[in-house]
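Visitor: No letters, just coordinates:
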Ligand code: NDP
């Protein structure tokens, strides 16, 4: 039995009914096969077997009461995956699809991503199956407070530092931070993505989207090209998608799509600064649906999407680049083929694991510039790391300072991934490169720290 088969058999037996976790592990372990051949000491010390097992999983009840006085019970989670290189760090996701397997896949990916950022952060992830959609601000606040009433005993600025993810933005981080501060009676950098008046960092909201665009810029530079004049497909309409569009516009590219879980808009004229400002108001303040874009701007068409369909029509338009920025597995094999058929040769993943294993194989076979989420979307957690540094220093850096550090980190992630891919015999394969470069730092730290 091969190394990959052996590990996958164990993973599936020990973690049944967690397909996203299996998928994330499979992708990494396939890359690590190359490393294990050269480093038998990792095999002997069972580093891979240890790295796929969370250090700790916390699951808890979150009871809360809505505006009508009705009682609800949600489930809360925190996966503390690996602390070899720093305190656990990773976002909180509030979405009805959240379950243990999804959070384990996210926590697992986070370990490698955080290692790539060059900053001292371990990996973690958490969240709840709570659905913030359609809830009042007061209901969201009561839920966040109930969630923190349990989470507070497991986190801390030197232990575990959560941030936002799907369904958790500035509003939720504020409510969570307020309750943590009350329960602990201390003001610390225990969460990132905080408001600017109370310890947040400039550029944190922009960081993931900007970072994914910087990563695409670096990949294009290897072929002597830039983003100027490129037509770009973007999915999602949340934090990552919005700031991806903003940076694309700044660099002279033309984003033409946005989506939410109901459907997508296609605007062949381009989503310009004014239209993007309108989307930000729609999504961040009015909390409306992307469908309204096509009512507002007559150049656009709206197409509802149906997850039962065998492909997503958003990925079936003529373009040069794609920035999947909504959720996991939003590009399957057929979508990957459609992208390539339509001329797309740059894919930079803002979302976590947005491409299925079939889709990844197609991108790699066709040798397009494919930046996997672990590398391409690491800008968000990188600036979270910079927020932690500023909190520890009790200083706030300027917008330019943080943006230039972010840009530098994205360049170094690109370089490390490219060099690792080359060193292990697969030049141009950023999947192998990111997995290997991220793994080596964590693995060597685990070896140094003994069996624990
Ligand atoms: P937001 O909640 O701000 O936005 C998410 C967007 O994706 C919304 O438009 C949402 O539509 C859509 N979406 C969510 N779930 C689904 C689904 N099952 N099917 C179709 N569309 C869906 O989240 P973010 O922008 O923060 O996160 C987007 C992705 O980026 C996630 O994969 C996240 O893990 C990843 N990421 C985020 C980082 C960050 O800093 N925020 C850092 C690194 C990665 P709707 O409103 O209809 O639900």
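Guide: In hand now; what should we look at? The structure displayed is predicted, hence computed values, not measured ones.

Visitor: Return the distance of residue 50 relative to residue 24.
Guide: Using C-beta to C-beta, to the nearest Å, residue 50 is found at 16 Å from residue 24. The C-beta positions use only the backbone N, C-alpha and C, and glycine is treated the same way.

Visitor: now swap in residue 132 and tell me
Guide: 25 Å.

Visitor: Beta-bridge partners for residue 323, please?
Guide: residue 234 (DSSP bridges).

Visitor: I figured it hits residue 231, correct?
Guide: No: at 11.6 Å, residue 323 and residue 231 do not qualify as touching, with contact defined as C-beta atoms under 8 Å.

Visitor: Between those two, which is the more surrounded one?
Guide: residue 323 (33 against 20; other C-beta atoms under 10 Å).

Visitor: That one and residue 216: what is the separation?
Guide: According to C-beta to C-beta, residue 323 stands 7 Å off from residue 216.

Visitor: got any residues that touch both of the two?
Guide: The overlap between the contact sets of residue 323 and residue 216 (C-beta atoms under 8 Å, 6 or more residues apart in numbering) consists of residue 348.

Visitor: what's the closest non-adjacent residue to residue 213?
Guide: residue 247 (4.0 Å; C-beta to C-beta, 6 or more residues apart in numbering).

Visitor: residue of the chain with the smallest distance to the ligand?
Guide: At 1.9 Å from the ligand, residue 238 is the closest residue in the chain, using C-beta to the nearest ligand atom.

Visitor: Count the neighbours of that residue for me.
Guide: 22.

Visitor: Any figure for the gap between it and residue 180?
Guide: 24 Å.

Visitor: wait, what's in contact with residue 214?
Guide: Residue 214 is in contact with 247, 379, 406, 407, 410, 411, counting by C-beta under 8 Å, 6+ apart.

Visitor: Is it correct that it falls within a helix?
Guide: Yes: applying DSSP: H, G, I helix; E, B strand; the rest coil, one finds residue 214 inside a helix.

Visitor: What pLDDT is listed against it?
Guide: Listed pLDDT for residue 214 reads 98.

Visitor: ok, now how distant is it from residue 356?
Guide: Residue 214 sits 25 Å away from residue 356, going by C-beta to C-beta.

Visitor: average pLDDT across the longest helix along the chain?
Guide: Counting residues, the longest helix found in the chain (DSSP state H) is helix 399-423. Averaging pLDDT along helix 399-423 yields 98.

Visitor: could you give the angle of the very next helix or strand once past that helix to helix 399-423?
Guide: With elements assigned by DSSP states H and E, the helix or strand that comes after helix 399-423 is helix 430-448. Between helix 430-448 and helix 399-423, the angle comes out at 90 degrees (axes from the mean of the first three to the mean of the last three C-alpha atoms, to 10 degrees).

Visitor: which residue is nearest the centroid of this protein?
Guide: Nearest to the mean C-alpha position of the chain, counting by C-alpha atoms, centre = their mean, stands residue 352 at 4.2 Å.

Visitor: and that residue, what pLDDT?
Guide: With respect to pLDDT, residue 352 has a value of 97.

Visitor: Nearest residue to it in space, please, no chain neighbours.
Guide: Spatial nearest neighbour of residue 352, chain neighbours left out: residue 373 (4.9 Å); criterion: C-beta to C-beta, 6+ apart.

Visitor: For that neighbour, give me the pLDDT.
Guide: 98.

Visitor: wait, what's in contact with it?
Guide: Listed by C-beta under 8 Å, 6+ apart, the contact set of residue 373 reads 109, 113, 349, 350, 351, 352, 353, 354.
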